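Undergrad: the following comprises the amino acid sequence and a computationally predicted model.
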Amino acid sequence: MLNYAEKFLKTSPVSQPKILSLAAEASWVTGKWQVLEDKTHTTDSNAQEFDVAIGRALLALRKQDQKEFVSIISTLRDAAIRTLSPSTTSSIQTCHEPLLRLHILYEIEAISGMSSIHKKDRAVILESLNRRLDVLGSYLPDKQYLLGIRRAAMEASRLASLSARFSVAYFGCRLDFRKLDIASAWLTSARLARKANFISAAFNAVLRAGQLGDDSAKIEHSRLLWIDGHHRKAIQTLQGAISLDAFHAHDFSTVQEDPSLTTEKQLQQNALSARV
């Protein structure tokens, strides 16, 4: 998508704001921070699309610029609230877009660790994010869009924590997100894509999760192989995942293992879970 956006920016300057919005989204989804910075600084900050402004907020988070980050989020929130009126809130459908934007702004702020109103507890935040995704119901494009922003915000917050940890300016205000947290978001994207029969997108998401070190990606990979007709390979992959105990690789809820489960019972549980 980023390559297409680059071509359109050169050939169709009239539609530049919308194309820049697509380019910004493609940049944060793929983790191309320098490209994102280039795209978000080509237009007036007061007349930017929502996605471009979100890109600027993510860059501010990555650079630990709390003042800039809070300013952008506040401006976007005020703009979304101003669109709400008795006529635009007559149904969920009519106010869907501003509600989605407010939903996104809340999550970015919570993930950033820069807000004074959010509890700075990684486990609590992750559990909350897991529940909040269900609120979007069957809006698959919105879920994938939100997951992309989550991953970018976690990555930006994680990079900010790593660079600031050894500096005087670091006071532990950032949430210590891990690679497996980002991998779990990729796996959620893979499951959603698989259920919607977007197999190519699902394979890509599984690959990204596996690159981040989440062994449970092998389980989702086996499902995709089965759907793609590679039954023998799917069974081999699943057997390998069970033998590696990939079912314990990572969990959003960060709940500790139940000590009452014996090894035999755990293997039975793993085999049962693999059928799901």
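TA: Alright, I've got the coordinates. Numbers count the residues shown, from 1 in each chain.

Undergrad: going by C-alpha atoms from here, please, whenever you check contacts or count neighbours.
TA: Will do.

Undergrad: lowest average confidence, helix or strand, in this protein?
TA: Of all regular secondary-structure elements in the chain, judged by mean pLDDT, DSSP states H and E, the least confident is helix 263-274 with a mean of 51.

Undergrad: tell me which element V52 falls in.
TA: Assessed by DSSP states H and E, V52 sits inside helix 50-62.

Undergrad: likewise for V206?
TA: Using DSSP H and E, V206 falls within helix 199-211.

Undergrad: I'd like the average pLDDT over the helix holding V52.
TA: Per-residue pLDDT values over helix 50-62 give a mean of 93.

Undergrad: shift numbering so it begins at 47
TA: Done: numbering now begins at 47, and the last item shifts to helix 96-108.

Undergrad: where does the stretch 197-322 of the chain dip in pLDDT?
TA: Within the stretch 197-322 of the chain, the ranges that satisfy pLDDT under 70 run 206-220, 292-322.

Undergrad: I'd like the next helix or strand past the helix holding V252.
TA: Downstream of helix 245-257, the next assigned helix or strand under DSSP H and E is helix 263-273.

Undergrad: what lies in contact with that following helix?
TA: 233, 236-237, 240, 245, 248-249, 252-253, 255-256, 277, 279-281, 283-284, 287, 292, 320 (CA atoms under 8 Å, 6 or more residues apart in numbering).

Undergrad: how about the helix ranked longest in the chain: buried residues?
TA: In the chain, taking DSSP state H as the definition, the longest helix is helix 186-210. Using 16 or more other CA atoms under 10 Å as the burial criterion, the residues of helix 186-210 that qualify are 189-190, 192-207, 210.

Undergrad: could you check the angle helix 96-108 makes with that helix?
TA: 20 degrees (axes from the mean of the first three to the mean of the last three CA atoms, to 10 degrees).

Undergrad: centre of the chain to helix 186-210, how far?
TA: A distance of 5 Å separates the centroid of the chain from that of helix 186-210, by CA atoms, centre = their mean, to the nearest Å.

Undergrad: with stretch 273-293 instead?
TA: What separates the centre of stretch 273-293 from the centre of its chain is 26 Å, taken as CA atoms, centre = their mean.

Undergrad: nice, that's everything, thank you.
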